[in-house]
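Participant: Fold the following for me, if possible:
(one chain, ligands or ions: 2)
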Amino acid sequence: MSQAESPRIIAVLNQKGGVGKTTTVANMAAALAAAGRRTLVIDLDPQAHLTIHFGADAESTPSGCYAVLTGAKPLSQAVVQSRPNLRLLGSGIDLVGAETELVAEVGRETILRNALEPERGAYDAILIDCPPSLGLLTLNALAAANEVLIPIQPHFLALQGFGRLLQTVLLVSRRINPALRVRALLLCMYDSRTSLSSEVKNDIEKFLASARQTQSPWAEAQIIPVHIRRNIKLAEAPSYGKSIFEYEPSCHGAADYWAVTQCLFPGLTKPAAPEAPAPGRPAETEPAHETQPPQHEPPNPETGA
Ligand code: ATP
Ligand code: MG
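Facilitator: Ligands and ions are numbered 1, 2, ... in the order given. The predicted structure follows:
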């Protein structure tokens with residue numbers, strides 16, 4: 001993979017719903033922050049799942065993203081400190097309106113990029129969680145990013161719509177952001193026991209191989225050699241407002257996300273296992289929320305219910 005710019009600005013994108021975008025952003029960001037990288041996560045999805053995953057308030061209006069996109073606040077005033085080394089530009093339902101409100105705005109695709117410009121020195125990595133669509137919010141993510149990471153759930157029809165996704169990246173790279181590259185594809189909820197998983201993987205590998213000598217933004221894209229296995233702990237952690245490293249640091253999901261983050265950010269040093277919190281420990285080293293029963297049943301990843 002080629003030398004990366006600083007800060008790395010990664011749009012995590014797939015217009016297919018429920019493939020693991022938010023889970024990937026939340027846990028990669030948590031790994032980066034724990035390893036000492038100054039990290040910003042941007043929740044560009046009106047569903048606000050990333051905001052909720054970090055235990056932050058998804059009800060406050062205007063949401064951080066809405067305030068930035070409408071020019072009400074500079075980014076530095078719209079972010080909240082979520083964890084040590086980890087800031088969040090949160091989302092909320094008001095973002096639904098942003099797409100229509102900005103439709104007549106000149107330069108509406110580059111609002112986020114311009115808002116990030118004065119903040120570039122403040123971060124080592126910026127991860128953007130995109131909504132499951134290719135609308136204006138996603139265009140803002142692609143205009144601001146220097147890399148695209150595509151999570152894929154290897155099931156039937158996994159690659160349906162993949163061409164449209166790549167065409168969108170191509171269009172943005174031609175018109176707005178020539179530096180944009182598809183860096184990697186990440187197989188999420190991977191089940192090595194099914195032949196379908198390996199078939200989807202083979203199809204993608206063939207496709208990427210055919211693009212190697214071209215000028216396309218995905219000519220150097222790779223399938224990350226570590227796959228995210230299906231792990232119920234990953235589905236439970238958001239209900240507690242926690243990353244997988246806070247919720248269940250010894251599970252497969254934590255190991256997979258740590259390994260994937262190391263693949264994408266070579267040289268990352270894994271922090272020592274945290275000690276059990278001592279009574280009276282300072283507030284900023286505590287997780288954002290105490291462990292408490294989930295407000296609702298953790299979603300079942302098999303059924304999506
Ligand atoms: P959307 O398109 O709606 O934003 P998404 O692509 O962001 O969805 P996620 O929200 O990350 O997808 O994941 C979809 C569901 O699957 C969530 O309930 C999540 O907790 C669960 N999930 C994600 N990854 C895994 C995994 N590896 N194992 C088990 N469950 C998972
Ligand atoms: Mg999501």
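Participant: Sticking with the residue of the stretch 51-200 of the chain found nearest ligand 1, tell me its helix or strand.
Facilitator: As assessed by Cβ to the nearest ligand atom, ligand 1 sits closest to Pro132 within the stretch 51-200 of the chain, at 3.4 Å. All C-beta atoms are positioned from the backbone trio N, CA, C, and that covers glycine. Of the helices and strands defined by DSSP states H and E, none includes Pro132.
Participant: residue boundaries of the helices in the stretch 151-300 of the chain?
Facilitator: Taking DSSP state H, counting those that start in this stretch as the test, the helices found in the stretch 151-300 of the chain are 162-175, 195-211, 232-236, 244-247, 252-264.
Participant: Among the ones you listed, which comes closest to ligand 2?
Facilitator: helix 232-236 (12.7 Å; Cβ to the ion).
Participant: How about that closest one and ligand 2, touching?
Facilitator: No. Under the criterion of Cβ under 5 Å from the ion, ligand 2 is not reached by helix 232-236; the shortest gap measures 12.7 Å.
Participant: Let's see that helix as CSV, backbone CA atoms only.
Facilitator: Provided in CSV are the C-alpha atoms of helix 232-236 (Å, rounded to 0.1, in the frame of the first residue of the first chain):
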residue,chain,number,x,y,z
ILE,A,232,-22.1,-11.7,19.2
LYS,A,233,-20.1,-9.4,21.6
LEU,A,234,-19.6,-7.0,18.7
ALA,A,235,-23.4,-6.7,18.4
GLU,A,236,-23.9,-6.3,22.2
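Participant: For that helix, enumerate the helices and strands it packs against.
Facilitator: helix 244-247, helix 252-264 (3 or more Cβ pairs under 8 Å, 6 or more residues apart in numbering; DSSP states H and E).
Participant: what residue lies at the spatial centre of this protein?
Facilitator: Val25 (2.8 Å; Cα atoms, centre = their mean).
Participant: Skipping its backbone neighbours, what lies nearest that one in space?
Facilitator: In this structure, Val25 finds its nearest non-sequential neighbour in Asp129, 4.2 Å apart by Cβ to Cβ, 6 or more residues apart in numbering.
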